[in-house]
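**Q** here are the coordinates; sequence isn't available:
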């Protein structure tokens, strides 16, 4: 009996250690990858378009997501942090905050592509520089207002309460956060439906006569449309990645919000790993940009090429 108990403890400890190591890997990769995205868009690609502003905002949210993931290790190393209401709340609210910022930014990026593709004649008038800046900042403000409510009293915390996500907040908070997530996802999906329909009509009408270059104005419009469609594809992949990573987890707070309190031990284990899946979302976007955006991929190669050339030059100087 003692041997089996010892083996169980060892197994649990190994799983916990593996989980903490994976969290730190996410922190490192998310921080480096998204910092690179921010640096390239600021210094090389500049904030020339509203799409680039949204990408920088999303990368900043992913950097913070990586940091929040890395900080989770302190709750294992210093268990006393779970006994304090504020530190316990911050453990989960910080994740909720960066997640909501990311999703709202993705939705506004989709809106930007929707206007550019479905209403191109109104794009310049609608998506002005001022509007783009406001839409880039709005997710940070609205998300803060949303997640700060438990700190203002929307909780059921009691002294000695176990610091578990589904046990510390009011039922309405879980329902609100999950409904917001699903609502934004539905709105994004609806906009993408119109984007795909418009892009399909464009390719079916323009491509067959694409060889006719007699009208430069028409050619320029075609190039603009193709660029907008390419950017929409990038945003679509980012949206899909977010949905795959986070929507499965949101079923648990939604169940809690509508009054389903009974969750089995297996369900809790699944929920914890789905949170980990959501955290993985913070590292995938830089790879999507490198895969789908030619300008970003080109600047990445140029940047690392410069580093390589500098290293080669330093090695050559040492040899001399």
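**A** Perfect, I can see it now. Note that the coordinates shown come from a computational prediction; the quantities given were computed from them, not determined experimentally.
**Q** which residues in the stretch 1-150 of the chain form helices?
**A** Remark: helices assigned in the stretch 1-150 of the chain by DSSP state H, counting those that start in this stretch are 2-43, 50-71, 73-77, 85-118, 123-126, 129-147.
**Q** any idea which of the ones you listed scores lowest on pLDDT?
**A** Among those, helix 2-43 carries the lowest mean pLDDT, a mean of 77.
**Q** for that helix, which helices and strands make contact with it?
**A** If contacts are counted by 3 or more Cβ pairs under 8 Å, 6 or more residues apart in numbering; DSSP states H and E, helix 2-43 sits against helix 50-71, helix 73-77, helix 265-292, helix 294-319. Heads up, the C-betas are built off the backbone N, CA and C, glycines and all.
**Q** quick one: the first one to helix 265-292, angle?
**A** Between helix 50-71 and helix 265-292, the angle comes out at 140 degrees (axes from the mean of the first three to the mean of the last three Cα atoms, to 10 degrees).
**Q** quick one: helix 50-71 to helix 85-118, angle?
**A** 160 degrees.
**Q** circling back to that earlier point, go through the helices of the stretch 1-150 of the chain and name the closest to residue 232.
**A** Between residue 232 and these, the shortest gap by Cβ to Cβ is with helix 85-118, which sits at 4.1 Å.
**Q** pretty sure residue 167 sits against residue 160.
**A** No. Taking Cβ atoms under 8 Å as the definition, residue 167 is not a contact partner of residue 160, at 11.6 Å.
**Q** compare the two (neighbour count), which wins?
**A** Per other Cβ atoms under 10 Å, whichever of residue 167 and residue 160 has more neighbours is residue 167, with 12 against 6.
**Q** roughly how far does that one sit from residue 273?
**A** From residue 167 across to residue 273, the span is 19 Å (Cβ to Cβ, to the nearest Å).
**Q** for residue 225, which of the helices of the stretch 1-150 of the chain is the nearest?
**A** Proximity to residue 225 (Cβ to Cβ) singles out helix 85-118 among these, at 7.3 Å.
**Q** ok, the residue positioned nearest the centre of the chain to residue 140 distance?
**A** What sits nearest the mean C-alpha location of the chain, by Cα atoms, centre = their mean, is residue 102, with 4.4 Å. Look at residue 102 and residue 140: by Cβ to Cβ, they are 11 Å apart.
**Q** give me the number of residues near residue 104?
**A** For residue 104, the count of nearby residues is 25 (other Cβ under 10 Å).
**Q** which residues touch the nearest residue to it once chain neighbours are set aside?
**A** Nearest non-adjacent residue to residue 104, counting by Cβ to Cβ, 6 or more residues apart in numbering: residue 139, 3.5 Å away. Contacts for residue 139 (Cβ atoms under 8 Å, 6 or more residues apart in numbering) come out as 57, 61, 100-102, 104-105, 108.
**Q** give me the neighbour count for residue 150.
**A** Residue 150 has 19 neighbouring residues, counting by other Cβ under 10 Å.
**Q** who's in contact with residue 35?
**A** Contact analysis of residue 35 by Cβ under 8 Å, 6+ apart lists 59, 63.
**Q** try it again with 7 Å
**A** Residue 35 is in contact with residue 63, counting by Cβ atoms under 7 Å, 6 or more residues apart in numbering.
**Q** separation between it and residue 58?
**A** Separation of residue 35 from residue 58 (Cβ to Cβ) stands at 13 Å.
**Q** got any ranges where the stretch 101-250 of the chain has weak pLDDT?
**A** 206-221 (pLDDT under 70).
**Q** ranges for the strands of it?
**A** Using DSSP state E, counting those that start in this stretch, the stretch 101-250 of the chain contains no strands.
**Q** count the residues that sit near residue 301.
**A** By other Cβ under 10 Å, the residues close to residue 301 number 11.
**Q** where does it land on pLDDT?
**A** Confidence score, pLDDT, at residue 301: 83.
**Q** quick one: it from residue 295, how far?
**A** For residue 301, the distance to residue 295 - Cβ to Cβ - is 11 Å.
**Q** how about residue 155, nearest residue that isn't a chain neighbour?
**A** Nearest non-adjacent residue to residue 155, counting by Cβ to Cβ, 6+ apart: residue 169, 5.1 Å away.
**Q** on that earlier part again, residue contacts, the residue nearest to the centre of the chain?
**A** Counting by Cβ under 7 Å, 6+ apart, residue 102 has contacts 58, 61-62, 242.
**Q** repeat that with 6 Å
**A** Counting by Cβ atoms under 6 Å, 6 or more residues apart in numbering, residue 102 makes contact with residue 61.
**Q** residue 197 too?
**A** By Cβ under 6 Å, 6+ apart, no residues touch residue 197.
**Q** tell me how far it lies from residue 15.
**A** Residue 197 is 47 Å from residue 15, where distance means Cβ to Cβ.
**Q** before we move on, what about residue 145?
**A** Residue 145 sits 37 Å away from residue 15, going by Cβ to Cβ.
**Q** between the two, who's got more neighbours?
**A** Comparing residue 145 with residue 15 by other Cβ under 10 Å, the one with more neighbours is residue 15, at 11 against 8.
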